[in-house]
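K.L.:
the sequence isn't on hand, but the structure is:
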């Protein structure tokens with residue numbers, strides 16, 4: 001009986017131990033990274049009352065088994081279910097990390113302050129010192145650091161200080177590339193304006209300061225021909241860094257041969273108070289040219305001005321004299337302030353679109369520069385416009401400005417129409433064509449002249465001027481319809497402009513902000529207005545295909561990009577140039593019809609965003625990838641590698657010793673940690689960010705185990721009570 005009692009007592013103890021393990025499992029059913037345990041029992045020693053005997057051939061008896069009585073059960077071991085992963089809980093927090101093992105069980109390495117221990121609980125946070133730590137204990141997470149080249153250095157693990165002073169900011173980058181894309185529509189207003197179609201490119205220097213490079217595109221020729229010019233580069237406060245530095249626009253974006261289109265930048269500059277007089281004096285001051293001795297004023301006439309005032313069709317030959325689009329004439333007056341008997345002298349030069357000098361003969365315009373036979377003019381041979389009285393009369397007739405009247409004598413002739421000139425018209429004739437009125441250019445108010453028009457409704461009407469017979473006795477006997485007036489550039493000097501040196505304007509402080517030193521400043525003496533335009537050496541020609549609107553080239557054949565040469569930017573003193581040359585890709589720019597709307601725009605970086613340039617960035621976010629690499633995100637768009645979480649693996653993970661706080665320590669039977677660790681994805685395993693590994697406790701299993709444990713405990717208790725009853729019966733035998 002005593003053996004049964006003691007065996008059952010042992011059974012009660014082991015089942016109680018098993019119940020303790022089950023209780024611990026259930027208690028940690030919601031503990032992050034908890035691994036459940038199970039118990040195993042083993043039998044205790046057996047009491048042998050009779051040993052086994054073998055078969056005896058002599059006696060003919062067979063063998064007999066040993067007679068053994070077991071003495072109960074004992075607690076053999078607890079086995080941790082270390083290899084079974086727990087369920088995933090999504091949290092969305094960057095540093096809630098779940099180890100998803102592929103082939104072997106991994107552990108985070110954390111440091112208690114005195115030793116490295118290991119955990120599966122991935123609930124981490126960044127403490128006030130910038131260290132990555134366990135939320136529950138503050139133990140620091142261990143990993144590998146980044147070397148000077150930004151690469152992971154895999155040596156002995158150290159605490160991951162992922163928010164150090166060094167990585168709070170991201171270094172700036174200067175801009176090296178840009179892209180111009182979109183559509184230029186021939187019919188949009190801006191591309192045909194003097195100011196052009198505006199496009200801005202944001203660029204950065206090596207310190208991360210932002211600047212705006214302002215460009216303009218203009219339609220400048222036949223279909224598909226444009227130019228793009230650099231207008232200015234401004235700092236964040238809108239101040240021009242080109243003007244203040246003395247850098248030339250053409251040094252940055254252009255060519256000495258000149259491809260620009262003289263974009264107007266007049267509105268970008270404000271005249272300083274009270275400087276209008278100083279500008280007028282400076283503009284009208286004759287200059288002695290380099291190598292010369294006599295002062296000169298050089299007037300510039302673009303083709304549109306020449307053609308507006310002096311375009312002329314020879315009535316005898318029908319030849320039309322005008323300057324081709326884009327050409328210009330430079331009209332030089334030498335010694336303009338000469339006093340009689342000295343006289344000024346006049347010379348002219350014709351230039352084509354590219355700035356090359358050409359001759360009138362080469363353009364077939366020689367007759368335009370020679371007075372008609374029998375006429376005289378002052379000045380040199382310059383374009384001439386011959387205007388006759390007939391021209392003026394036809395102008396009035398075509399404009400319905402003649403008042404019909406009755407002819408002298410009252411009887412009209414067949415095919416003739418009669419008009420009377422009013423006083424203003426007589427005055428114009430007298431002042432413009434002095435020979436019409438003889439030597440008396442004044443017109444008495446009571447005089448009247450009759451215009452007789454024959455063939456008024458034909459393409460070649462004829463005109464005749466006669467004095468009203470009622471006004472006999474005047475000196476108007478030589479009325480002439482063929483009297484001509486010659487007009488030359490001398491008559492329209494005010495319509496041409498004088499170029500004023502931008503550096504001299506800057507030296508006198510005429511504008512509140514300095515002009516680019518190579519800007520072209522045009523001053524018109526006639527009314528004192530001025531224009532400021534980019535130099536012809538600034539900018540590049542763009543030629544588009546008329547077949548599909550794609551860009552054929554910019555600048556020269558075979559090129560679809562151009563360099564904004566910021567390395568030529570002039571710095572004050574010995575300061576180093578903070579800029580880099582910027583290659584701007586125009587290959588995706590199109591010349592298409594788009595409802596009279598252009599959409600062309602510039603942006604930093606190439607098609608992949610590289611070379612955009614960046615300002616200084618501040619750390620705004622942290623993330624962990626599946627290999628455990630930790631990245632910092634910065635406000636300037638940069639991403640930097642800050643470190644990598646290392647993991648530990650053991651030959652026998654179940655042999656680790658649990659030390660509480662969800663941590664384990666190595667034992668003689670687990671295998672040792674080498675101090676370096678391994679990369680999580682070295683065997684295909686991953687670290688999942690924003691997710692936690694929950695307990696792997698299976699409540700269904702635990703409840704089942706609880707039932708069987710309870711039954712076992714109850715059964716052992718029954719053995720004890722039954723044995724007690726038998727002993728009681730035995731004691732009662734003496735009664």
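P.N.:
Yep, it's here. All values derive from a computational prediction rather than experimental measurement.
K.L.:
thinking residue 164 is in contact with residue 132, fair?
P.N.:
No: using C-beta atoms under 8 Å, residue 164 is not in contact with residue 132, being 11.5 Å away. Any C-beta I mention is one placed from the backbone N, CA and C, and that applies to glycine too.
K.L.:
and residue 323, that one's in a helix?
P.N.:
No: Residue 323: not assigned to a helix; according to DSSP: H, G, I helix; E, B strand; the rest coil it is coil.
K.L.:
number of nearby residues for it?
P.N.:
24 (other C-beta atoms under 10 Å).
K.L.:
which residues touch the residue lying closest to it once chain neighbours are set aside?
P.N.:
For residue 323, ignoring the flanking residues on the chain, the nearest one in space by C-beta to C-beta, 6 or more residues apart in numbering is residue 303 at 4.0 Å. Residues near residue 303 by C-beta atoms under 8 Å, 6 or more residues apart in numbering: 322, 323, 324, 325, 326, 327, 328.
K.L.:
just these now: which is nearest residue 204?
P.N.:
Among the contacts of residue 303, residue 326 lies closest to residue 204 (C-beta to C-beta), at 37.2 Å.
K.L.:
measure the closest one to residue 303 for me?
P.N.:
According to C-beta to C-beta, to the nearest Å, residue 326 and residue 303 sit 6 Å apart.
K.L.:
now swap in residue 733 and tell me
P.N.:
With the distance defined as C-beta to C-beta, residue 733 ends up 145 Å from residue 303.
K.L.:
just to revisit the earlier point, for PyMOL, write the selection for the buried entries among the contacts of residue 303.
P.N.:
Applying 16 or more other C-beta atoms under 10 Å to those, the buried members can be selected in PyMOL as follows:
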select buried, resi 322+323+327+328
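K.L.:
from the contacts of residue 303, which has minimum pLDDT?
P.N.:
Ranked by pLDDT, the contacts of residue 303 bottom out at residue 326, which has 84.
K.L.:
the closest residue to that one other than its chain neighbours: what secondary structure?
P.N.:
Among residues not flanking residue 326 along the chain, residue 353 sits closest, at 3.9 Å (C-beta to C-beta, 6+ apart). Three-state assignment for residue 353 (three-state DSSP): coil.
K.L.:
quick one: pLDDT of the residue nearest to residue 323?
P.N.:
94.
K.L.:
now swap in residue 357 and tell me
P.N.:
Looking at residue 357, the pLDDT reads 92.
K.L.:
so who does it touch?
P.N.:
349, 350, 351.
K.L.:
residue 196 too?
P.N.:
Neighbours of residue 196 in contact, by C-beta under 8 Å, 6+ apart: 190, 216, 217, 218, 229, 261, 263, 264.
K.L.:
any idea how many residues pack against residue 363?
P.N.:
Number of residues near residue 363 (other C-beta under 10 Å) recorded here: 16.
K.L.:
quick one: contacts for it?
P.N.:
By C-beta under 8 Å, 6+ apart, the neighbours of residue 363 are 323, 324, 350.
K.L.:
quick revisit: buried among the contacts of residue 357? Make that a ChimeraX selection.
P.N.:
A single ChimeraX command selects the buried members of the contacts of residue 357 (16+ other C-beta under 10 Å):
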select :350,351
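K.L.:
now the helices for the chain?
P.N.:
For the chain, applying DSSP state H gives helices covering 2-27, 241-245, 249-252, 276-284, 303-310, 389-398, 423-432, 502-508, 699-731.
K.L.:
report all helices and strands that the fourth one contacts.
P.N.:
Contacting helix 276-284 under the criterion 3 or more C-beta pairs under 8 Å, 6 or more residues apart in numbering; DSSP states H and E are the following elements: strand 497-500, helix 502-508, strand 520-523.
K.L.:
ok, residues contacting it?
P.N.:
Under C-beta under 8 Å, 6+ apart, the answer for helix 276-284 is 271, 297, 498, 500, 504, 505, 508, 510, 523, 525, 528, 530.
K.L.:
also the third one?
P.N.:
Outside of helix 249-252, the residues that reach it under the criterion C-beta under 8 Å, 6+ apart are 229-231, 233, 242, 256, 260, 516, 518-519, 534-535, 537-538, 564-566, 568-569.
K.L.:
sitting in strands, which of those do you find?
P.N.:
Using DSSP state E, the subset of the contacts of helix 249-252 located in strands is 229, 230, 231, 233, 564.
K.L.:
just list whatever residues bridge to residue 333.
P.N.:
Listed by DSSP bridges, the beta-bridge partners for residue 333 are residue 297, residue 346.
K.L.:
that one against residue 297, yeah?
P.N.:
Yes: proximity of residue 333 to residue 297 meets the contact threshold set by C-beta under 8 Å, at 4.8 Å.
K.L.:
pLDDT at the closest residue in space to residue 122 that isn't next to it in sequence, what is it?
P.N.:
Excluding its sequence neighbours, the residue lying closest to residue 122 (C-beta to C-beta, 6+ apart) is residue 97, at 3.7 Å. pLDDT, residue 97: 95.
K.L.:
swap in residue 20?
P.N.:
So residue 20 comes in at 90 (pLDDT).
K.L.:
distance check, it against residue 8.
P.N.:
19 Å.
K.L.:
between these two, who's got more neighbours?
P.N.:
Between residue 20 and residue 8, counted using other C-beta under 10 Å, residue 8 has the larger neighbour count: 21 against 13.
K.L.:
my read: the more buried one touches residue 71, true?
P.N.:
No: applying C-beta under 8 Å, one finds residue 8 not in contact with residue 71, separated by 10.9 Å.
K.L.:
now stretch 450-464: average pLDDT?
P.N.:
pLDDT averaged over stretch 450-464 gives 77.
K.L.:
same question for stretch 285-296.
P.N.:
Rounded mean pLDDT across stretch 285-296 is 86.
K.L.:
ditto for stretch 587-601
P.N.:
Mean predicted lDDT for stretch 587-601 stands at 96.
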